[in-house]
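J.: coords below, sequence missing:
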C-alpha cells in the first residue's frame, strides 16, 4: 500500500510539502498540486482521513448511526445522506446499532475518537443523559432529543390523516392500522393518531391492535403471522393502513395466498414510498416521506452547526399521498 513517503518520492517534493497540499495549508503552486494528485492516482494512494484529523481538531467525517440497514427506508436514507455529504465535501462513517444501547455508546466514542464533525442519529433509544457531552453537533432523524442540535422529522400525523381520508373516499368502513412493532415511542407513532382521529370522526370502525406489537417483527422484518392474525380476527376488513411499505408488501403476499383481492376486497395504503412500493403487484399506494430532503437538511444542519451558525432545533416536513394500484 502506497504511503505519503512514496508520493513524495514520486513527485520529487518533500513529505511536508505533500502533507501541506493534502491538508490545503499555505500557498503551494498549482504545478506542485498537479504533481501530487497525479502521483496519488498513479500509486493508488488513499489519504488516511483519521490520521489527517489528528493534526486538526475535526475531520470531514460525519458519523451516521442507523438502527436497521436492511430496512428499505434506512437504505434510501443512507443513500441520500451520502449524496448530501458528498455535496458538502464530507464523508460518512456508518454504524448499524440494531437499537442496542451498548453498541450506540461504543459508536459514539468511535466518532469522538475519529474527531467527527458531527453525528446523525436515527434511533429510538434516545436517552438525553447518554448524549449530553458529545462536544459535536448531533442531529436526529425521525426521532427527537431535547439536548440534540437539531431534529428532522416528517409530518406523520398528517400522513395518517391522508391515508384515512383516501380509504374513506374509497368507501372503506372497517379499517385497521398495522404498526411496525417498534418497542419505544417514536414520532412515527403520530401516524396512528392521525389515522384514528380521522376514522372515528367519519364514523369508520377502526382497529388499532397495540396488543399485537412485537419487536421481533421489526427486527426480522417478518410480519406474516401478525397480518394473518389480523385477517382472522377481522373478516369484514375492507381497508388497511400499514406503517411501512415492507408491511404493505407482506399484506399483499398474505392476501394473495388467501385469495383476497387487493384492492377489490381490501384497499391498502403504505408509508415511505420506498422502492418496494413500485415493485409489488399491485403497486402500493403510499404516503411519500421526503427522504432526500430530510437527509439534505440533516447534513446541512451538521455543517452549519459545526461552523458556528444557528440551526432550527426542530424541522417537520410535509408528506403527500402517492396513488398507485393497491387502493
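T.: Ah, there it is. Source: prediction; values computed, not measured. Numbers count the residues shown, from 1 in each chain.
J.: domains of this structure?
T.: By the record's domain assignment, the chain is partitioned as 4-47, 61-154+291-318, 156-288 (automatic domain parsing).
J.: Identify the bridge partners of the residue nearest to residue 313 when sequence neighbours are not counted.
T.: Distances taken as Cβ to Cβ, 6 or more residues apart in numbering place residue 150 nearest to residue 313, at 6.0 Å, with adjacent residues excluded. C-beta here means a position set from N, CA and C on the backbone, and glycine is covered the same way. For residue 150, the beta-bridge partners are residue 139 (DSSP bridges).
J.: separation between residue 150 and residue 42?
T.: Taken as Cβ to Cβ, to the nearest Å, the spacing of residue 150 relative to residue 42 amounts to 42 Å.
J.: Tell me which of the two has more neighbours.
T.: For the pair residue 150 and residue 42, the greater number of neighbours falls to residue 150 (24 against 12), based on other Cβ atoms under 10 Å.
J.: Distance check, that one against residue 122.
T.: 13 Å.
J.: Overlap in contacts, these two.
T.: Jointly contacting residue 150 and residue 122 under the rule Cβ atoms under 8 Å, 6 or more residues apart in numbering are residue 140.
J.: Phi first, then psi, for residue 92.
T.: Per-residue torsions, residue 92: phi -100, psi 140 (degrees, to the nearest 10).
J.: how about the nearest residue to residue 305, chain neighbours excluded?
T.: The spatial neighbour of residue 305 that comes closest, neighbours along the chain excluded (Cβ to Cβ, 6+ apart), is residue 137 at 3.8 Å.
J.: make that residue 144, sorry
T.: residue 151 (4.7 Å).
J.: try residue 304
T.: Sequence neighbours aside, residue 311 is the residue nearest to residue 304 in space, at 5.1 Å (criterion: Cβ to Cβ, 6+ apart).
J.: Test my guess that the one you found contacts residue 305.
T.: Yes - under the criterion of Cβ atoms under 8 Å, residue 311 makes contact with residue 305 at 5.3 Å.
J.: re earlier: as a markdown table, the domains of the chain with mean pLDDT would be great.
T.: Output for the domains of the chain, formatted as a markdown table (pLDDT from 0 to 100):
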| stretch | mean pLDDT |
| --- | --- |
| domain 4-47 | 79 |
| domain 61-154+291-318 | 81 |
| domain 156-288 | 88 |
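J.: Show me the one of those domains that comes nearest residue 327.
T.: Nearest to residue 327, of all those, is domain 156-288, at 4.0 Å by Cβ to Cβ.
J.: Need the distance between the two termini of that closest one.
T.: Criterion Cα to Cα, to the nearest Å; first-to-last residue distance in domain 156-288 is 10 Å.
J.: thinking again about what came up before, neighbour count: residue 311 and residue 305, which is higher?
T.: Neighbour totals were compared for residue 311 and residue 305, and residue 305 leads with 19 against 16 (other Cβ under 10 Å).
J.: Can you classify the more buried one by secondary structure?
T.: Put simply, residue 305 is helix when judged by DSSP: H, G, I helix; E, B strand; the rest coil.
J.: wait, what's in contact with it?
T.: Going by Cβ under 8 Å, 6+ apart, residue 305 touches 118, 137, 139, 149, 150, 311.
J.: So which of those residues is the closest to residue 286?
T.: The nearest member of the contacts of residue 305 to residue 286, counting by Cβ to Cβ, is residue 139 at 25.7 Å.
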